[in-house]
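Can you look at this prediction? I've put the sequence above it.
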Amino acid sequence: MKWLPALLLGAILGFVLPMFFGGQDGVWMAGWTKWGTIRPVAGSPGLLFSVPLFVGSAIALRMFFNWHSR
């Protein structure tokens, strides 16, 4: 897997998972997972982006699919 698809999938996960777990009022912002989570649009009622999830999943996806393709 190239870096661009891994980064795109990581960005999708970085947006979707925090929203799936309740957004700003949910479980995601109540525990340790709020570390590194930002609100990309100030006026948005619930949009979140998790930077550690984005970077970690992009690296993990790239490593897994490069290992798996050999």
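Cool, the structure landed.

List the buried residues in whichever strand or helix holds residue 64.
Residue 64 belongs to helix 51-68 when assigned by DSSP states H and E. For helix 51-68, burial by neighbour count (16 or more other C-beta atoms under 10 Å) applies to 53-54, 57-58, 61-62. (Glycine included, C-beta is placed from N, CA and C.)

If you count contacts, what does that helix end up packed against?
Counting contacts by 3 or more C-beta pairs under 8 Å, 6 or more residues apart in numbering; DSSP states H and E, helix 51-68 packs against helix 3-20.

show me where pLDDT drops low in this structure?
Scanning the chain with the threshold set as pLDDT under 70 gives 69-70.

residues in contact with the residue nearest the centre of the chain?
Centroid-nearest residue in the chain: residue 14, 1.6 Å away (criterion: C-alpha atoms, centre = their mean). Residues near residue 14 by C-beta atoms under 8 Å, 6 or more residues apart in numbering: 49-51, 53-54, 57.

Which one of those is nearest to residue 29?
The closest of these to residue 29 turns out to be residue 50 (C-beta to C-beta; 10.4 Å).

what number of residues lie near the closest one?
By other C-beta atoms under 10 Å, 24 other residues sit near residue 50.

Please apply the same query to residue 22.
So residue 22, with other C-beta under 10 Å, has 14 neighbours.

again, but for the one 10 residues further on
Burial of residue 32, expressed as a neighbour count using other C-beta under 10 Å, amounts to 5.
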